[in-house]
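Engineer: Below: sequence and its predicted model.
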Amino acid sequence: MLAASLLYLPGMVLDLLGLVTCRTMGESSTIKMVKSKSWTMVKHFEGLPKLEDFKLEEKELPPLKDGELLLESVFLSVDPYMRPYSKRIMKPGDVMIGSQVARVVESKNPAFEVGTYHVTNVGWTTHFISDGAGVHSLPKEWPENLPRSLAVGAAGMPGCTAYFGLLEICNPKEGEVVLVNCAAGAVGSLVGQIAKIKGCKVVGSAGSDDKVTYLKEIGFDEAFNYKTVSSLEEALKNASPEGYDCYFENVGGNYADVALQQMKQFGRISVCGAISMYNDSVPATGPYIQPYILFKQLRMEGFVVSRWIQRYPEAQKQLLQWIAEGKLKYHEHVTNGFENMPAGFIGMLTGENIGKAVIKV
């Protein structure tokens, strides 16, 4: 009894292990066919995503053509934006959106050497073929002692989000007070540290005592657990009785309703996210914010970081320098195994992570 069933075709033998043996004029060669695994979205999420909303699929990739390269994902990113954007740009059956650090394992494109690492945005998949478009090399100044996973973290899109969202929109001045919510997350933890580098007082809130401890370890002047305080309003007042010049918004909902009341005249609010509202089946209602914006003369601006994509190299160079100097600390919440991507994504949405949530294949 053969270990694997065989299908005989003229000129070749195919087995179920993915090996192709070609026979031509008495010669033979064996080629390993690459199988790619991908997580697809079964249906649009209702409330918090569930494990059964995802399906693991496998397909065999064709041989490379001239100009193409084969990459394998090494680290994949899970981020809050995936939740709202899945409804905006995906349909059931699509591969889940997302970015990864990937290594070139085969190349027929002279611009990409085998063994080099790049950042791509092809979704939750283990192996993929590219013509080189949208394949971004890690910065040349990447320090050898830094994990490459930071290319989708503190020195990647989340780092650029913190850098541009704070400096371009809030434009904090030395001595000002900056408020950051979801402050122990991938973006918030960097925002607070960049504000400290700029000479600001920084107040952060997070959803567990461990996260509050972490915020104090990385230099936040004040930090509190918003889930355990008796009054969010009092907690914000106690942390900064004089109010806030800048507010980096990641949460939305009731938190924002309360925080806007604590802003100083001519305060600036950078709206990066609204994670507390992403899983709402019914849109939340709350106080009207226009009076606070009007009478405090606030400036409130939302942003998607891709507006500064041409300036990413500038931000990455500065972020890597701050990391090397010890001014910018990072923390990664690593989930091992591609099979655990949905669980890692759901865990990130429920606040399990400190710092950046990544999946290690």
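Structural biologist: Received, thanks. Numbering: from 1, shown residues only.
Engineer: So which residues of the stretch 251-361 of the chain form strands?
Structural biologist: 263-271, 299-302, 332-336, 356-360 (DSSP state E, counting those that start in this stretch).
Engineer: I'd like those strands as JSON lines, with mean neighbour count, distance to residue 320 and mean pLDDT appended.
Structural biologist: In this view, the C-beta of every residue, glycine as well, is placed from N, C-alpha and C. Output for these, formatted as JSON lines (neighbours: other Cβ atoms under 10 Å; distance: least, Cβ to Cβ, whole Å; pLDDT from 0 to 100):
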{"stretch": "strand 263-271", "mean neighbour count": "20", "distance to residue 320": "23", "mean pLDDT": "98"}
{"stretch": "strand 299-302", "mean neighbour count": "14", "distance to residue 320": "27", "mean pLDDT": "98"}
{"stretch": "strand 332-336", "mean neighbour count": "16", "distance to residue 320": "16", "mean pLDDT": "98"}
{"stretch": "strand 356-360", "mean neighbour count": "25", "distance to residue 320": "15", "mean pLDDT": "98"}
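Engineer: Which one of those lies nearest to residue 277?
Structural biologist: Taking Cβ to Cβ, strand 263-271 is the member of these nearest to residue 277, at 11.8 Å.
Engineer: and the protein, what are its domains?
Structural biologist: 1-33, 36-147, 157-306 (automatic domain parsing).
Engineer: most tightly surrounded among these?
Structural biologist: Of all the domains of the chain, domain 157-306 carries the top mean neighbour count, a mean of 19, counting by mean count of other Cβ atoms under 10 Å.
Engineer: out of the strands of the stretch 251-361 of the chain, which comes closest to residue 143?
Structural biologist: Judging the strands of the stretch 251-361 of the chain by Cβ to Cβ, what sits closest to residue 143 is strand 332-336, at 15.8 Å.
Engineer: If I take that closest one and strand 356-360, what angle do their directions form?
Structural biologist: Angle of strand 332-336 versus strand 356-360, following axes from the mean of the first three to the mean of the last three Cα atoms, to 10 degrees, is 30 degrees.
Engineer: what helices or strands is strand 332-336 leaning on?
Structural biologist: When contacts are defined as 3 or more Cβ pairs under 8 Å, 6 or more residues apart in numbering; DSSP states H and E, strand 332-336 packs onto helix 341-349, strand 356-360.
Engineer: Export the strands of the stretch 251-361 of the chain as a markdown table, with columns for distance to residue 234.
Structural biologist: Formatted as a markdown table, the strands of the stretch 251-361 of the chain follow (distance: least, Cβ to Cβ, whole Å):
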| stretch | distance to residue 234 |
| --- | --- |
| strand 263-271 | 16 |
| strand 299-302 | 24 |
| strand 332-336 | 30 |
| strand 356-360 | 31 |
